[in-house]
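# coordinates for the following, if possible.
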Amino acid sequence: MSEHREPAEPGTDEELASLRHKRFGQLPARVRPEDLVEAEEAEPAHEEPGQPMVRREWG
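Coordinates of the predicted model:
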């Protein structure tokens, strides 16, 4: 099981592109800048929780 492997050397750009296409398939088209929309918060941000009580304040 302790088979010695040579470190993988990076290939050319074409080889890497071919491997990426083989693994992930065709990528979707890029989104054009004019198709981007600005995100808006649907709910107001949550308030920060207060400081936790100290043990002497418990009871």
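# check residue 8 and give its pLDDT.
We have a pLDDT of 66 for residue 8.
# and if you look at residue 38?
86.
# same question, the one 5 residues further on
As predicted, residue 43 sits at a pLDDT of 81.
# before we move on, what about residue 17?
Value for residue 17, per-residue pLDDT: 88.
# what's the burial count for it?
When neighbours are defined as other Cβ atoms under 10 Å, residue 17 has 11 of them. Backbone N, C-alpha and C define where each C-beta goes, glycine included.
# now it: which helix or strand?
Element membership for residue 17, per DSSP states H and E: helix 13-24.
# for that helix, buried residues please.
Judged by neighbour count (16 or more other Cβ atoms under 10 Å), helix 13-24 contains no buried residues.
# okay, that helix in PDB with CA atoms only?
What follows is helix 13-24, C-alpha atoms only, in PDB (Å, rounded to 0.1, in the frame of the first residue of the first chain):
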ATOM      1  CA  ASP A  13      -2.800  25.400 -20.100                       C
ATOM      2  CA  GLU A  14      -4.500  23.300 -22.800                       C
ATOM      3  CA  GLU A  15      -4.000  20.100 -20.700                       C
ATOM      4  CA  LEU A  16      -5.400  21.700 -17.600                       C
ATOM      5  CA  ALA A  17      -8.300  23.100 -19.500                       C
ATOM      6  CA  SER A  18      -9.000  19.700 -21.000                       C
ATOM      7  CA  LEU A  19      -9.000  18.100 -17.500                       C
ATOM      8  CA  ARG A  20     -11.200  20.800 -16.100                       C
ATOM      9  CA  HIS A  21     -13.700  20.400 -18.900                       C
ATOM     10  CA  LYS A  22     -13.600  16.600 -18.400                       C
ATOM     11  CA  ARG A  23     -14.300  16.900 -14.700                       C
ATOM     12  CA  PHE A  24     -16.800  19.800 -14.600                       C
END
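# can you tell me the centre-most residue of the chain?
For the chain, the residue nearest the mean C-alpha position is residue 24 (16.1 Å; Cα atoms, centre = their mean).
# roughly how far does it sit from residue 18?
11 Å (Cβ to Cβ, to the nearest Å).
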